[in-house]
Each structure stands twice: as C-alpha cells, then as structure tokens.
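>>> Here is the input, now give the coordinates:
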Amino acid sequence: MQIVPYILVLIGGIAGINVFVVLIIGIISGTVIMLATGNTAPYDLLTNMGSGASGMFETCMVAVLVAYHVCADP
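Take a look at the predicted model:
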C-alpha cells in the first residue's frame, strides 16, 4: 500500500504532467495512506515534514553558494 505514492509519481512523470502537480499528488497520497493505515500520528507526520523542509533549505543554500562561487569567478 505504501508504494502507491511512488507509483503515482512515476506514472505522472512518464505521462508528462507538471512536476509540481506530480509531487503534490505524491505528498497528498502518501499523507492520506500513512494516516489511514495508522503507520504514523498526525503530529509525527508534521514533525517529519518540517525536518525534511529544513534539510532541503540547507541543501538549497549550499547549492546557491556553490553556483554563485562558480559563476562569480571569471
């Protein structure tokens, strides 16, 4: 059951659907499945989403700094 979001994202990507729409579909379907099957509590789900967003922010900052450094050098 937990593989359904991955399959939806894969099918959406192959079909050529907008990336943001496909990712939102994956997030929503994964959230619904995890809450409906009782694999995680709503609080834990939100905590994990916050940790993931924080990790992505750090990754984005590193990418921006590296890109700036590469583009700034002549």
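>>> Any regions of this structure where pLDDT drops low?
The model of the chain has pLDDT under 70 over residues 72-74.
>>> the helices in it, which residues?
4-15, 19-37, 42-72 (DSSP state H).
>>> Make CSV out of those and add mean neighbour count.
Every C-beta, even on glycine, is put in place using the N, C-alpha and C of the backbone. Shown next, in CSV, are those (neighbours: other Cβ atoms under 10 Å):
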stretch, mean neighbour count
helix 4-15, 14
helix 19-37, 14
helix 42-72, 10
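>>> Could you export stretch 40-54 as CSV, CA atoms only?
C-alpha atoms of stretch 40-54 as CSV (Å, rounded to 0.1, in the frame of the first residue of the first chain):
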residue,chain,number,x,y,z
THR,A,40,2.1,7.5,11.8
ALA,A,41,0.4,10.0,14.0
PRO,A,42,-0.5,13.4,12.6
TYR,A,43,2.0,15.2,14.9
ASP,A,44,4.8,12.9,13.9
LEU,A,45,3.9,13.4,10.2
LEU,A,46,4.1,17.2,10.6
THR,A,47,7.4,16.9,12.5
ASN,A,48,8.9,14.8,9.8
MET,A,49,7.7,17.2,7.1
GLY,A,50,9.3,20.1,9.0
SER,A,51,12.6,18.2,9.3
GLY,A,52,12.6,17.4,5.6
ALA,A,53,11.9,21.0,4.7
SER,A,54,14.7,22.2,6.9
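>>> what does it rub up against?
Applying Cβ atoms under 8 Å, 6 or more residues apart in numbering, the external contacts of stretch 40-54 come out as Thr31, Met34, Leu35.
>>> chain center to that stretch: distance?
Centroid separation between stretch 40-54 and its chain, computed with Cα atoms, centre = their mean, to the nearest Å, is 12 Å.
>>> got it, and stretch 65-72?
The chain centroid and the centroid of stretch 65-72 are separated by 25 Å, computed with Cα atoms, centre = their mean.
>>> Also stretch 34-53?
Distance, stretch centre to chain centre, for stretch 34-53: 13 Å (Cα atoms, centre = their mean).
>>> for it, how far is the first residue from the last?
Terminal residues of stretch 34-53 are spaced 18 Å apart (Cα to Cα, to the nearest Å).
>>> Okay then, goodbye and thanks.
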